[in-house]
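> Sequence first, then the predicted structure, then my questions.
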Amino acid sequence: MKGLTREELRHLGHLAQLELSDTDLEHLEGELSRIVGYVEQLSAVDVEGVEPLIQPIALPTVTRPDVVGEEPSSVVSTAPRLKDGMYVVPPVIENP
Amino acid sequence: MTDAGRAPVAELVEMVVRGRLSARDVVESCLARISENDGEIRAFVTVEAEKALARADEVDRRIREDEGSLPLAGVPVAVKDNILTRGLRTTAGSRILENLVPPHSATVVERLEAAGAVVVGKTNLDEFAMGSTTDTSIFGPTRNPVDTDRTAGGSSGGSAAAVGAGLVPAALGSDTGGSIRQPAAFTGTVGLKPTYGRVSRYGLVAFGSSLDQIGPFGRCVDDVARVFAVIAGHDPRDSTSSREPVPELGPPSEPVNALEGLRVGWPTEYFAKGLDPGVAEVLSAVREHMTSVGAEIVELSLPHTEYAIAAYYVIAPAEASSNLSRYDGIRYGRRATHADTLDSLYLRTRSEGFGDEVKRRILLGTFVLSSGYFDAYYLQAQRVRRRIRDDFERAFEAVDVLLTPTTPTPAFRLDEKPSDPLSLYLADVYTVAPSLAGVPALSLPAGEAPGGLPVGAQLIAPWFREDRLLAVGAGLEAIGVGG
Amino acid sequence: MSTTEWEVVVGLEVHVQLLTEAKLFSTQPNEFGKDPNTAVDDLVAGFPGALPVLNEEAIRLSLVAGLALGADPQPRSVFERKHYFYPDLPKGYQISQYARPLFLGGRLRYRTGDGETRTCRLTRVHLEEDAGKTSHRAGESLVDLNRAGVPLLEIVTEPDLRSAADAADFLRELRRVVRFARISDGNMEEGSLRCDANVSVRRGSDAPFGTRAEIKNLNSFRFVERAILHEAERQVRLLRRNGEVVQETRLYDEGRDRTVAMRGKEYAEDYRYMPDPDLPAVVLDPAFIEEVRASVPRSPLDVWAEYTHQGVPDEAARILTDTWEVADFFDAVLALGADPRLVAPLVVNDVLPKLDHAWEIGERLRPDDVAALISSLGSGVSRSVVESALTRLLSGETDARRLVAEVADGQLGSDELDTVVTAVLTEHPEQVARYREGHAKLIGFFVGRVLQASPAEVDPRVAKETLEKRLNEEAPRRDS
């Protein structure tokens, strides 16, 4: 049975940007391993030649005309921090 | 005078449109009921009386000035707190959105308001709609009006309880794997999960994008039908919204006719182990009732049912982990204070903002999408999903609707909630398969288990045949099922 | 670096912004230079509940571009979510294409600096949305999402390029193609054309490919060339020392003119591509593909060849085919019967340098006016008159024939000029003598005197020519 190790959990935490304490890891190791163990039974299903079903109903390609719409609302004003109209974040380090 | 608090929607609308009641009167008495009775239940998380009354006044003005048809004139509606409402706080039950006041409304809310309904407040839910009890909400759990030691279910527990407790005649919830149907079953109300693509998802805080649907709760099938008629239909803002025309849903003159000659599928996998005897008994009684008025029960198999939970708990968390990537506190929502580096901003905002169940699902979703596992888990689950969908397609060649229990047990006690997440997930056994297949499903109060606990029966119809669900539901009501 | 020993292998990933009015999935405007965050709606901001709807023009332009690049349109392509966290990526994922792109294959023919024609194969072409922009100030970074959601075409080449110059030549032609096809303005300074380079080296052209490094942040042709050159040199030096080239992402540091490794990451990036459940697959109707195929313009390279075939000098032909507006204008003038060998130098040397932007040509001049100028030249009108007429046309006046006549009238006739020159030379015998002794610079003095004395306009060049001729041929016979 595929279990999730703490190392794997830490990596997943990094990918998902979630800080996981040792206590968290302790719970999660068991909980997630059990869930992953449970879903493994999917591998037993014969799906030879079956395409994945991404959307449950057939959806035709949907497009819209190339027209500029009105901004529906002042969504930028919901920002916690703005400076000169721009969103503020701690410095992004690009070069070493 | 009919008690406006308990009147069916059709009657209420009639009274308001004819001027025998003002929308303001209706909303005022509704707000009073909420204020008096919601303390213990906690169906609502936000009620803004002034705003609601102002909207009611607007409806009254439109009626006076004869501004056209208002099919839901004056109807007070509660909206699940993961559906955007302009100017009204929308939290999705999460700390990370605890202060969010959206600048615009979801399409469904716009449609309700255009039809004259008045949104009186936002209802409680499991955080980001992930759960079946509402106790993952930052506001704490919603209690079942039938027995306040028990859960109202989830994730749309607040909406179900609001209707179940008679606080509002109608409410909107969302259903991804059973989040409308299960609370409807637990609270003894009617809940509809429409066909995927039937109701616009624009303005619904996304959880499982290929599974989510918004749907109505009501005290009776007709109430649900009336709300459904207003919110359903194509929306150009949602690329997954179907152009399939919404059929006429007028109340049938002879509801029982819907049952005569009806071929009702009875999937054996839904009546196997794990089903509470009290629930099984109620369903057997429904089956007998239906047979007695001319319906034909056909036992059949949906062979991939046993894999539905596994498929759901791969696909839904995968989509959730993706949809929740946007929550970083930079453009809206709660942002970690004193984060000096970009890394710590993301890590702390998200870790402080999300509860345990949400984190669990994000991690699970991240896992099944990650390199090396994507094919074996995510793609495999989507292939099994196609098999599950094909099961329904085949079944509907032989029958008109399927009849199943909605949940394996009635509402459980809040202090008896299983601590292991997996056990809780397994209780979704009857609701997840229709979600994966995208078929519409209705939960109807069908009777009571020992102790007076409501039991729900689930009716499942082919894609886009909500009309059939509602007709059969009305037929069952007419013959006293759940009465 | 010895080219006989080491071969440089380069593949490019080029991103081209499409010329749509609105963004790819949002109806906000696709416009450069707006005030920050003024092209942001709920979808662009990654607000909960927002949903994408595909812009049909982005599909059409992508189709034009892919077909112009000889790529195979895929009947069914899928948008996928590419996940990573960065402040300029509001949803925490970019909507792109991965397993099923819009196009596979393709090729681009291009001329090298030495006049050779080469071909570079393409791997794929796909459509995706652009991210916003982060700017850095002391102690913080600021995010502008105006660019977030703009449609981008990503063009990936096979590793067919064999030097820094080769890569730059390819890129230049690619830019010409996207501009000529009117799908992008291909402006590297404004960021509507961006390039990443994958660089590796190997010992000889039969050796297996070496490990490659990816260089990002190349926003001018010069930087592309320099970065690749320096990266190749770095790798050769490393390998000579028996070191190993690491597969990594590097940035070009313009200040120090070298490539540097990006900040190291503890964990490998994993984009967790997932088909986007909010978007249906893009199914292309074969009839639509053919309709678009018929509308794809000729390649600038082919038009270049056509022009040279008609006698236009190679370099002029290249310039004429840099901008479709110029090529179209040129064609329009030729269609009026003008000789391409005369039109080309006029356009390239006299018209284009006077325009702020080459693409304005059709707005500033009319083809029939230019044809009239050419015809004047043909009937003996002096070049200076034609140039004056042209200047007046460019300043907004019309009717070339009338202007030529006016300028010619207003100009001093050659007989009258002779008279003035004679008078000036007679008046200044000392200067004449000194000029004839070798003080050639005195010509300026004479030209000034002629211009002053002239009753009508004189082209200084013509005055100078006439003076020089007279001064030199009338050199006094020295009494021997």
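Noted; the coordinates are in hand. Numbers count the residues shown, from 1 in each chain, chains lettered A, B, ... in the order given.
> for the residue of the stretch 1-150 of chain B found nearest chain C, what are its contacts?
For the stretch 1-150 of chain B, the residue closest to chain C is B:Leu84, as judged by Cβ to the nearest Cβ, at 4.8 Å. The way it works is simple: take the backbone N, C-alpha and C, and place the C-beta from them, glycine included. The contact partners of B:Leu84, taken as Cβ atoms under 8 Å, 6 or more residues apart in numbering or on different chains, are B:90, B:102, B:104-106, B:109, B:203-205, C:48-49.
> list the buried ones in the lengthiest helix in chain C?
What stands out as the longest helix in chain C, according to DSSP state H, is helix C:221-240. Using 16 or more other Cβ atoms under 10 Å in any protein chain shown as the test for burial, helix C:221-240 gives C:221, C:223-236, C:239.
> now what about it, what contacts it?
With Cβ under 8 Å, 6+ apart, helix C:221-240 has contacts from C:1, C:6, C:8, C:10, C:163-165, C:167-168, C:171-172, C:188, C:195, C:197, C:199-201, C:210, C:213, C:215, C:218, C:244-245, C:250, C:252, C:254, C:257-259.
> Tell me if stretch B:327-335 is near chain A.
Yes - applying Cβ under 8 Å from any Cβ of the partner chain, one finds stretch B:327-335 touching chain A at B:328-335.
> what about burial for those residues, which qualify?
B:328-335.
> Among these, which ones lie close to chain C?
Among those, chain C is touched by B:328, B:330-332 when using Cβ under 8 Å from any Cβ.
> Convert the C-alpha atoms of stretch C:450-459 to PDB, please.
Backbone C-alpha positions of stretch C:450-459 (Å, rounded to 0.1, in the frame of the first residue of the first chain) are rendered in PDB as follows:
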ATOM      1  CA  VAL C 450      25.200  82.200 -54.100                       C
ATOM      2  CA  LEU C 451      22.300  81.400 -51.800                       C
ATOM      3  CA  GLN C 452      22.300  85.000 -50.600                       C
ATOM      4  CA  ALA C 453      22.500  86.500 -54.000                       C
ATOM      5  CA  SER C 454      20.000  84.200 -55.600                       C
ATOM      6  CA  PRO C 455      16.600  85.700 -56.300                       C
ATOM      7  CA  ALA C 456      14.900  82.400 -55.900                       C
ATOM      8  CA  GLU C 457      15.300  79.100 -54.000                       C
ATOM      9  CA  VAL C 458      18.400  77.200 -54.800                       C
ATOM     10  CA  ASP C 459      19.300  73.700 -53.600                       C
END
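> which parts of it are buried?
Under 16+ other Cβ under 10 Å, the buried positions of stretch C:450-459 are C:450-451, C:454, C:458-459.
> now swap in stretch A:56-68 and tell me
Those would be A:56-57, A:59, A:61-64, A:66, A:68, for stretch A:56-68 by 16+ other Cβ under 10 Å.
> what do you get for stretch B:376-388?
B:377-388.
> now, which of the residues you listed lie within helices?
Using DSSP H, the buried residues of stretch B:376-388 in helices are B:380-388.
> Generate TSV for those, with pLDDT as supplementary columns.
Listed next are these as TSV, based on pLDDT from 0 to 100:
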residue	pLDDT
B:Gln380	98
B:Ala381	98
B:Gln382	98
B:Arg383	98
B:Val384	98
B:Arg385	98
B:Arg386	98
B:Arg387	98
B:Ile388	98
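> got a list of what B:Val214 touches?
One correction, residue B:214 is Ile, not Val. B:83, B:106, B:108, B:172-175, B:194, B:199-201, B:204, B:231.
> So is the lowest-mean-pLDDT helix or strand in chain A next to chain B?
Ranked by mean pLDDT, DSSP states H and E, the weakest helix or strand in chain A is strand A:82-83, scoring a mean of 91. No - under the criterion of Cβ under 8 Å from any Cβ, chain B is not reached by strand A:82-83; the shortest gap measures 9.6 Å.
> The next helix or strand after that strand: partners in the sheet, and parallel or antiparallel?
Sequence-wise, the next helix or strand downstream of strand A:82-83 (DSSP states H and E) is strand A:86-89. In the sheet, strand A:86-89 lines up against strand A:82-83 (antiparallel), strand C:140-144 (antiparallel) (DSSP bridges).
> which outside residues touch the longest one?
To tie it back to what came earlier, the one meant is strand C:140-144. Against strand C:140-144 from outside (Cβ under 8 Å, 6+ apart): A:83-92, B:330, B:342, C:36-37, C:87-88, C:132-136.
> try the shortest one
The list of residues contacting strand A:82-83 from outside it, by Cβ under 8 Å, 6+ apart, reads A:76, A:88, C:140, C:142.
> Looking at the ones in helices among the buried residues of stretch B:376-388, which is nearest C:Leu425?
B:Gln382 (95.2 Å; Cβ to Cβ).
> Hmm, that closest one is touching A:Gln55, no?
No - B:Gln382 is not in contact with A:Gln55 according to Cβ atoms under 8 Å; the separation is 9.9 Å.
> Which residue, neighbours along the chain excluded, lies closest to C:Arg434?
C:Leu442 (6.1 Å; Cβ to Cβ, 6 or more residues apart in numbering or on different chains).
> For that neighbour, give me the pLDDT.
pLDDT for C:Leu442: 88.
> Pull the number of nearby residues for it.
Residues contacting C:Leu442 under the criterion other Cβ atoms under 10 Å in any protein chain shown number 20.
> Spatially central, which residue of chain A would that be?
A:Ala16 (6.5 Å; Cα atoms, centre = their mean).
> pretty sure it is touching B:Arg360, no?
No - contact between A:Ala16 and B:Arg360 fails when scored by Cβ under 8 Å: they sit 11.0 Å apart.
> now what about the helix or strand bottoming out on mean pLDDT in chain C, what contacts it?
Within chain C, no helix or strand scores below helix C:400-410, which has a mean of 82 by mean pLDDT, DSSP H and E. The contact list for helix C:400-410 (Cβ under 8 Å, 6+ apart) reads C:368-370, C:372-373, C:376, C:381-382, C:385-386, C:388-389, C:392-393, C:397, C:456-457.
> are any of the residues you listed buried, and which?
Buried among the contacts of helix C:400-410 by 16+ other Cβ under 10 Å: C:368-370, C:372-373, C:376, C:381-382, C:385-386, C:388-389, C:392-393.
> Can I get those residues in JSON lines including pLDDT?
Shown next, in JSON lines, are those (pLDDT from 0 to 100):
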{"residue": "C:Asp368", "pLDDT": "93"}
{"residue": "C:Asp369", "pLDDT": "93"}
{"residue": "C:Val370", "pLDDT": "93"}
{"residue": "C:Ala372", "pLDDT": "92"}
{"residue": "C:Leu373", "pLDDT": "91"}
{"residue": "C:Ser376", "pLDDT": "88"}
{"residue": "C:Val381", "pLDDT": "81"}
{"residue": "C:Ser382", "pLDDT": "80"}
{"residue": "C:Val385", "pLDDT": "85"}
{"residue": "C:Val386", "pLDDT": "87"}
{"residue": "C:Ser388", "pLDDT": "86"}
{"residue": "C:Ala389", "pLDDT": "89"}
{"residue": "C:Arg392", "pLDDT": "88"}
{"residue": "C:Leu393", "pLDDT": "90"}
